[in-house]
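J.: Quick one, fold the following:
(2 chains)
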Amino acid sequence: MVKFSEDKLKEVQSMIDRYPKGKQKSALIPLLHLAQDEFGGWLSAETMDYVASILGIEPIEVYEVATFYSMYNLKPVGKHVFEVCHTGPCMLNGSDHIIAYIKRKLDINVGETTADGMFTLKTVECLGACGYAPMMQMGINYREHLTEAKVDAIIEECRNKQ
Amino acid sequence: MAKKLLLEKAHVEGIRHYDVYRREGGYAAVEKALKMEPAAIVEEVKKSGLRGRGGAGFPSGMKWSFLAKPEGVPRYLVCNADESEPGTFKDRYLMEFLPHLLIEGLIVSSFALGSNRTYIYIRGEYAWIVGILEQAIAEAKQNGFLGKNILGSGFDCEIYVQRGAGAYICGEETALIESLEGKRGNPRIKPPFPAIKGLWDCPTVVNNVETLAAVVPIMNMGGEEYAKIGVGRSTGTKLISACGNINKPGVYEIDMTISVEEFIYSDEYCGGIPNGKRLKACIPGGSSVPILPANLLLKTAKGETRLMNYESLSDGGFATGSMMGSGGFIVLDEDQCVVKNTLTLARFYRHESCGQCSPCREGTGWMEKILTKIENGKGAMSDIDLLWDIQRKIEGNTICPLGDAAAWPVAAAIRHFRDEFEWHVNNPARCQTQNYGLAHYADPIHVPA
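T.: Predicted structure coming up:
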């Protein structure tokens, strides 16, 4: 069963307190981020229903938001998610090559997770790092000016974190 | 060296922290503003000629003056930090390195507009910047610049940071408001405008990060002095985020009198194009604005030097000009393929369409499919005309400007680079291994007398 810890529930309350009384639905998007981080990196129906119950809104209101925004995962993902940008400015600086390299290196296609559950590869649209291209997002951080050697080092770093 | 109003202190060590920012003269604008009448601040911003830095370029003072003030109803200021236009990363830089400048601008603006609860809506991917902003807010509060009765003025204000979750459309102000209310980012039909009915149906002003930061120098120097910088209706300074095929990608603050050529080639800015390559094309104001071939970029169709400002960049309209937009400056060298570049942008808009309006929802998908065909050597000549036809049917037929933003790059690519599209159709095998190259795109244009 999904349930926030007491500490996290305090965080939830401070999120709700940012809005005027009765407008607690505004906390939905930050709350879904928190839930995704807490409950396995993705939003199951159970997690979404739990979030609905906290905010006192209908589950459908949560589903329609969760399916709209690209940062919410609606199915399980690997421990480390590589989100590589492939929009214009990154493409001009070789993002295609970086994506092909990661695919070869991890032996997966875009949208897939490695058999050991360690890595998921995704392509994403512009993340606002065009001057530092090619780049990808990993967790809350950006990895910029990617090269093959940098990708190797990042994969190594993730494996060592085990 | 151009005058810097926003980034002057960006490299001062520790400027992210209150003590250093304050020592460097920070928060003087708040001290000054709180002694003024709110209406007088709005007047200063009007006089400054400041135009919205998010892309549309609407006069900010005028936008502020539209804010309704019904008795007993709260008003809100929302800072649009949902920077998502491909090529644009200036707000990120400003928030990351000068968070207090934004907070200071927000306090002054909140006071001018009467907002006691102000929100910064930041794109979800800029997750690490949330902490930087919240730290700055906490420091400002500890020092009496936020909270109750700021500096004894009787004015109360709190600033909150709200993270989005990945949606370009939330940069559109009514979609942003929907998202801030915890909903899908579907733009609203206007009118009513947010100034009348915005966040939780209350009067609301939504301004870009750079716009709100610019309120600080306007306060400090006065609107009239600010308006003296720049040229014509392009007053003050503008942040340009430069990327693509240039030696020195990054964020630059320019006063809007320099030429596009100087911006690309001088060492103070982009530092020219790497590996001795030649300039083929440029998207000067973020991915939505028309792409221009080198010859039309550096000089207008009239043969005049093109400058980095609102008027000059749009000189010639869409036939031969482009737009200042958000200041996302994307440079393409001679090795780049315009069809491929246009395809990535079409894919972006298909991905980001909210799906409310059929012309945008369906049209962006069709454009991506047709461009994919042409790029992969499977296109027919009629596909180019079909593409033109679709973009025309999207433009102007949607609730919000995302439809236009998706149509313009495709239209401009066909308008100026049609021979490159035709070359793909005529050379299905060769276009898979080779690029069309620079062709004649850098050649001088003959201007009839």
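
J.: And for stretch B:438-449, what's in contact with it?
T.: Applying C-beta atoms under 8 Å, 6 or more residues apart in numbering or on different chains, the contact partners of stretch B:438-449 are B:278-281, B:293-296, B:299, B:301-303, B:334, B:416-417, B:419-420. Bear in mind the C-beta positions are built from the backbone N, C-alpha and C, glycine included.

J.: so where do the strands sit in the chain?
T.: In the absence of a named chain, chain A is used. Secondary structure of chain A (DSSP state E): strands at A:80-85, A:119-124, A:136-138, A:141-143.

J.: That was the other one, I meant chain B.
T.: Ranges of strands in chain B, per DSSP E, are B:75-81, B:115-122, B:158-163, B:204-208, B:230-231, B:234-235, B:237-244, B:250-255, B:279-283, B:292-293, B:328-333.

J.: Which neighbouring elements make contact with the third one?
T.: With contacts defined as 3 or more C-beta pairs under 8 Å, 6 or more residues apart in numbering or on different chains; DSSP states H and E, the packing partners of strand B:158-163 are helix A:28-38, helix B:99-113, strand B:115-122, helix B:127-142.

J.: Mind checking those for the one nearest to B:Gly54?
T.: Distance to B:Gly54, taken as C-beta to C-beta, is lowest for strand B:115-122 among the helices and strands packed on strand B:158-163, at 12.0 Å.

J.: buried ones in the closest one?
T.: Within strand B:115-122, the residues scored as buried using 16 or more other C-beta atoms under 10 Å in any protein chain shown are B:115, B:117-122.

J.: just checking: which of the residues you listed also lie near chain A?
T.: B:Arg117 (C-beta under 8 Å from any C-beta of the partner chain).

J.: Chain B contacts on chain A?
T.: Residues of chain A lying near chain B by C-beta under 8 Å from any C-beta: A:18, A:20, A:23, A:25-30, A:32-33, A:55, A:61, A:64-65, A:68-72, A:86-89, A:91-93, A:124-133, A:137, A:140-141.

J.: Now, of the residues you listed, which are buried?
T.: Neighbour-count burial (16+ other C-beta under 10 Å) applied to these gives A:18, A:25-30, A:32-33, A:55, A:61, A:65, A:68-72, A:86-89, A:91-93, A:124-133, A:137.

J.: Where does the prediction get shaky in chain B?
T.: Scanning chain B for pLDDT under 70 picks out the ranges B:1-2, B:447-449.

J.: and what of chain A?
T.: Applying pLDDT under 70 to chain A picks out residues A:162.

J.: Let me see the ranges of the helices in it.
T.: A:6-16, A:28-38, A:45-55, A:59-66, A:88-92, A:95-106, A:148-161 (DSSP state H).

J.: tilt between the longest one and strand A:119-124?
T.: Taking axes from the mean of the first three to the mean of the last three C-alpha atoms, to 10 degrees, one finds that helix A:148-161 is oriented at 140 degrees with respect to strand A:119-124.

J.: so what does helix A:148-161 touch, helix or strand wise?
T.: Going by 3+ C-beta pairs under 8 Å, 6+ apart, helix A:148-161 lies up against helix A:95-106.

J.: what does the helix it packs on rub up against?
T.: Helix A:95-106 has contacts (C-beta under 8 Å, 6+ apart) with A:82, A:84-86, A:109-110, A:114, A:119, A:121, A:123, A:133-134, A:136, A:146-148, A:151-152, A:155.

J.: ok and that helix relative to helix A:148-161, angle-wise?
T.: Counting by the same axes, to 10 degrees, helix A:95-106 lies at 40 degrees to helix A:148-161.

J.: Now do helix A:95-106: distance to the chain's middle.
T.: 20 Å (C-alpha atoms, centre = their mean, to the nearest Å).
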